[in-house]
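1. Give the three-dimensional model of this entry:
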Amino acid sequence: MVRASLQTRVGPGLRSPTHFDDVEAAAREIVARLGNEIRVGLPLGLGKPVTLINALTRIAKDDPSIRLSIFTALTLERPNPSSDMERRFLEPAMDRLFGRYPGLDYAAMLRDGTLPDNINVREFFFPAGRWLGVAPAQQDYVSVNYSDARDVLLAQKPNLILHLVAWSEDRLSVSCNPDITADLMELRRDGRLDALFAGETNPELPFMEGAAAFPISEADILFEPKVPFELFSAVKQPVDDAAKAIGLHVSRLIVDGGTLQIGIGAIGDAVAQALILRDAGKISAIHAARPFPGDGFAEETPFETGLYAVTEMLVDGLLQLFKAGIIRREVDGAAIHAGFFVESRDFYSQLRNMNPKMRSKIAMSPISYTNTLFGDEPGKRAARTEARFVNSAMKVTLLGAAISDTRPDGQVVSGVGGQHDFAAQAHALLDGRSIITLPSTRQGSSGIESNIVWSQANETIPRHMRDIVVTEYGIADLWGKSDAEAIASLIEIADSRFQSRLLKEAKAAGKVPASHEVDPDRRNNTPQAISGWLNAFREEDFPDFPFGSDFDEIEREILPALRRLKAAASSRRALFRLAMRGWARRADHASILDRMGLSDPRSPQSLFKAAILVGALEPGDPHNASNMRKR
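-> From the prediction side, this is the model:
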């Protein structure tokens, strides 16, 4: 019955894929066609056909004679709360926040150590921090630039491409993930890759054009579930003051008529929001109030020509800039070329409901197109004028290297992804700039730590590729600078609590003159200076969630407190201070305690949790006694 309706969609004269509405039957058909050696190219992120790969994993688990090798990245999982407080916050809202995403069986087995020897999973990118300490995942991580991941996969001779797909009439779209798949499909068409294509349909997936779309006849197996799974929803994070300030600084670097790439997360949202404020003519007054000295970057005017976006990841910030008409400069009929997306439910809905003509201006493309200049290099150079490629790092050394993926002990936090690709591309373009962003500090286990450091192992972008670094305190232009000049520039955008120590380390290494001192007007790099700057504009121009939120009002109040509790968790003294501060104020926060199941504590432990939660609602470093005094 369903087979006939699908044949009608395909139309006369076109080959129809073998259709299944039973996933076990579809998986058995794959094994029947490929035999006992199955090498899968599985898309990064959202494009995984979860039901289908889980069925194939079950077959391999039950039959040790089948060897299943999976090459993938960014395996998505709903979060597992790491503490009782996180559990209280997440469990009542898990489905609302993350969707009823079913999860991947191979990931669960990797975590609990039960993945059988005949199943191997190799990934080249992790969700940030999700696989720290999981030995099998860390050992089978493949460190590679995103632009080279396709060739690493091809070297393993894949014989199966599995994919989540959208369909329209007689066409399919790999929608969110043409990143590597589009090139694989082209190789199949040319007879250079002998691999089966099996797709799982999902009506929530937007039908995207560009290289993502192809005739349905190119699929070999199509599984159409009776009850499709809910797509993974990435929850928007609040944009804190540091991210807001970084976004404002970056906005001064973006040239009208130029090219833009930004990433997911708070800093990407902050950059987009700042550009929207700039286009509305509101940014000059905000910059004029900046409590930091000028640096020569002053792009503030509204966009007359507009921007073109070429990016590995299509993020909500870029979509909002596109809808606002700021991203409108077209290249080959598209204002955006992007390699993949994984975002919120609202983001998917916006794409699905967008006017088809407008949606066609978003051309989903392979990473070989977005992340490199290879292939029609003259055309790409002409299109990617005044490129500003904005990426985030965990730390930056005083010599200008960026650390974005790996801890000093070798544990992989995320991966290189396309960061090196875009840094190299910026250097190769005549007027391109690579912009590395990061907050100047982080909350460590023992208090505030500087993210600008003298040195650290495992560099993602080496010092000889240093270009522009942006913190909340300003812009450091490092291109072509000497080591001493680069060090001085980075210290000037470091938090003032760490400037003296950083300068002392640089002097000890003989890399700056012994007489060098931090300029007096750069010694006010403090969170208080940032909040004082933003306060005058906060209510109208700087919401914590500029593009909406899945969190309700009470949850948005709780989020900062949870971050402070996590920072204090390793210190009994810090927790005690929080409890002392919150003890007498519990009645003032009844709705928050009720949401967290702590409104009627029946044990000393619950009473203590209620007190520290209320204590953490007030801003301040829990490790610093001066921040914990009653006001």
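2. Can you classify residue 458 by secondary structure?
-> coil (DSSP: H, G, I helix; E, B strand; the rest coil).
3. and the nearest residue to it once chain neighbours are set aside, what are its bridge partners?
-> Ranked by Cβ to Cβ, 6 or more residues apart in numbering and with sequence neighbours excluded, the top spatial neighbour of residue 458 is residue 406, at 4.0 Å. Backbone N, C-alpha and C define where each C-beta goes, glycine included. Beta-bridge pairing for residue 406 (DSSP bridges): residue 412.
4. where exactly do the helices run in the stretch 101-250 of the chain?
-> 105-112, 135-139, 146-155, 178-189, 241-251 (DSSP state H, counting those that start in this stretch).
5. Out of these, which is closest to residue 99?
-> helix 105-112 (16.3 Å; Cβ to Cβ).
6. Does anything pack onto that closest one? Which helices or strands?
-> helix 50-62, strand 119-123 (3 or more Cβ pairs under 8 Å, 6 or more residues apart in numbering; DSSP states H and E).
7. quick one on the thing from earlier: count residues in the vicinity of the residue nearest to residue 458, would you?
-> Each residue near residue 406 was counted by other Cβ atoms under 10 Å, and the total is 21.
8. May I have the lengthiest strand in the chain as PDB, with CA atoms only?
-> Across the chain, the longest stretch assigned as strand under DSSP state E is strand 160-168. The C-alpha coordinates for strand 160-168 follow below in PDB (Å, rounded to 0.1, in the frame of the first residue of the first chain):
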ATOM      1  CA  LEU A 160      26.700   2.200   3.300                       C
ATOM      2  CA  ILE A 161      25.400   5.700   3.600                       C
ATOM      3  CA  LEU A 162      22.700   6.100   6.200                       C
ATOM      4  CA  HIS A 163      20.700   9.300   6.300                       C
ATOM      5  CA  LEU A 164      17.700  11.100   7.700                       C
ATOM      6  CA  VAL A 165      15.800  12.600   4.800                       C
ATOM      7  CA  ALA A 166      13.000  14.900   3.800                       C
ATOM      8  CA  TRP A 167      11.000  14.300   0.700                       C
ATOM      9  CA  SER A 168       9.000  16.400  -1.700                       C
END
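9. Surely residue 303 and residue 255 touch.
-> No: assessed by Cβ atoms under 8 Å, residue 303 is found out of contact with residue 255, at 9.8 Å.
10. element containing the most centrally placed residue in the chain?
-> For the chain, the residue nearest the mean C-alpha position is residue 264 (4.0 Å; Cα atoms, centre = their mean). In the assignment (DSSP states H and E), residue 264 maps to no helix and no strand.
11. That one reaches residue 313, doesn't it?
-> Yes: at 6.0 Å, residue 264 counts as touching residue 313 under the criterion of Cβ under 8 Å.
12. mind giving me the domain split of the chain?
-> 2-223, 241-528, 553-627 (automatic domain parsing).
13. sorry, back to before: possible to save the helices and strands packed on helix 105-112 as CSV with mean neighbour count, distance to residue 611 and mean pLDDT?
-> As requested, the helices and strands packed on helix 105-112 are exported to CSV (neighbours: other Cβ atoms under 10 Å; distance: least, Cβ to Cβ, whole Å; pLDDT from 0 to 100):
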stretch, mean neighbour count, distance to residue 611, mean pLDDT
helix 50-62, 21, 42, 99
strand 119-123, 20, 41, 98
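14. how about the ones you listed in a markdown table, adding distance to residue 386?
-> As requested, these are arranged in a markdown table below (distance: least, Cβ to Cβ, whole Å):
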| stretch | distance to residue 386 |
| --- | --- |
| helix 50-62 | 41 |
| strand 119-123 | 35 |
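15. looking at the ones you listed, which is closest to residue 174?
-> Closest among the helices and strands packed on helix 105-112, using Cβ to Cβ: helix 50-62, at 13.9 Å.
16. partners of the next helix or strand after that closest one in the sheet?
-> Moving toward the C-terminus from helix 50-62, the next helix or strand (DSSP H and E) is strand 67-72. Partners of strand 67-72 in the sheet, by DSSP bridges, are strand 37-41 (parallel), strand 119-123 (parallel).
17. mind putting the ones you listed in JSON lines, distance to residue 29 included?
-> Formatted as JSON lines, the strands paired with strand 67-72 follow (distance: least, Cβ to Cβ, whole Å):
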{"stretch": "strand 37-41", "distance to residue 29": "12"}
{"stretch": "strand 119-123", "distance to residue 29": "19"}
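18. do you know which of those lies nearest residue 334?
-> Once these are compared by Cβ to Cβ, strand 37-41 is nearest, at 25.5 Å.
19. Specify the angle between the closest one and strand 160-168 in degrees.
-> Put simply, strand 37-41 runs at 50 degrees to strand 160-168, going by axes from the mean of the first three to the mean of the last three Cα atoms, to 10 degrees.
20. buried set for strand 37-41?
-> Within strand 37-41, the residues scored as buried using 16 or more other Cβ atoms under 10 Å are 38, 39, 40, 41.
21. The stretch 451-600 of the chain: strands as residue ranges?
-> According to DSSP state E, counting those that start in this stretch, the stretch 451-600 of the chain carries its strands in the segments 452-453, 468-471, 474-477.
22. Show me what the second one pairs with in its sheet, parallel or antiparallel.
-> Looking at strand 468-471 with DSSP bridges, its partner strands are strand 433-437 (parallel), strand 474-477 (antiparallel).
23. what's in contact with it?
-> 242, 246, 249-250, 253, 396, 400, 402, 433-440, 451-452, 475-479, 490, 493-494 (Cβ atoms under 8 Å, 6 or more residues apart in numbering).
24. number of nearby residues for residue 101?
-> 18.
25. ok, now residue 163?
-> 27.
26. Kindly state the beta-bridge partners for it.
-> residue 199.
27. Can you list the low-confidence ranges for this protein?
-> 1-14, 620-631 (pLDDT under 70).
28. longest helix anywhere in it?
-> The single longest helix within the chain, with elements called by DSSP state H, is helix 553-568.
29. Buried residues in that one, which are they?
-> Buried, per 16+ other Cβ under 10 Å, within helix 553-568: 555, 558, 560, 561, 562, 564, 565, 566, 567, 568.
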